[in-house]
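> Just need the structure, nothing else, for what follows:
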Amino acid sequence: MNKGIVTRIKTIIEHYDISVSAFAESIGVQRSSISHLLNGRNKPSLDFVLKLTDAYPDVDLYWLLQGRGEFPSDESKEVEGSPASILENKMEKTETSREEPANSISRPIKEKDEPDKIVFFYPDGTFTTFKSKND
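Take a look at the predicted model:
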């Protein structure tokens, strides 16, 4: 499995035409971690896989782990581009169609529920976090 997943990680990097450093930064891991993975020294951790699929929503988990399916997925072929543009497009679709995002966690909303934290992500990769007054 390790050689296959390494090949698929390389495919993702080539697809977005980014450097290994930019890829590492986009998923929030050290560049050395990516280097060790690509050279076969280490195997990818669950945390790494989850960070990768969170940062690149068009990467199908089954394709990444087992090679089943295709990359990019059929849905993402319409939206090719940077992870920020993919996320922006998904948010536009969600706002207009009122569909739940595929990776969201739903729970019943109680009458007095208030958010703990709100995070705004900007196209340049920065973000702003707002916490509730109770914290």
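> And residue 7, how far from residue 61?
The gap separating residue 7 from residue 61 is 16 Å, by Cβ to Cβ, to the nearest Å. (Each C-beta comes from the backbone N, C-alpha and C, glycine too.)
> Would you map the strands across this protein?
Secondary structure of the chain, counting by DSSP state E: strands at 117-121, 127-131.
> and residue 35, what is it in contact with?
Going by Cβ atoms under 8 Å, 6 or more residues apart in numbering, residue 35 touches residue 20.
> Let me see the confidence value for it.
Residue 35 is assigned 92 on the pLDDT scale.
> how near is it to residue 41?
Noted for residue 35: a distance of 8 Å to residue 41, by Cβ to Cβ.
> pLDDT of stretch 4-16, averaged?
For stretch 4-16, the mean per-residue pLDDT is 91.
> And it, what's buried?
5, 6, 8, 9, 12, 13, 16 (16 or more other Cβ atoms under 10 Å).
> Would you mind checking which of these is nearest to residue 29?
Lowest distance from residue 29 to those (Cβ to Cβ) belongs to residue 9, with 11.5 Å.
> For residue 62, which residues are in contact?
Going by Cβ under 8 Å, 6+ apart, the list of residues near residue 62 reads 68, 69.
> now the chain, which segments are flagged as low pLDDT?
Along the chain, the model assigns pLDDT under 70 to residues 1-2, 73-113, 134-135.
> can you map out the helices along it?
Counting by DSSP state H, the chain has helices at residues 2-16, 20-27, 31-38, 46-55, 61-66, 74-77, 83-97.
> just the buried residues of stretch 4-16 now: which is nearest residue 56?
residue 12 (6.4 Å).
> Please tell me how far the closest one sits from residue 66.
Plainly put, residue 12 is 15 Å away from residue 66 if you go by Cβ to Cβ.
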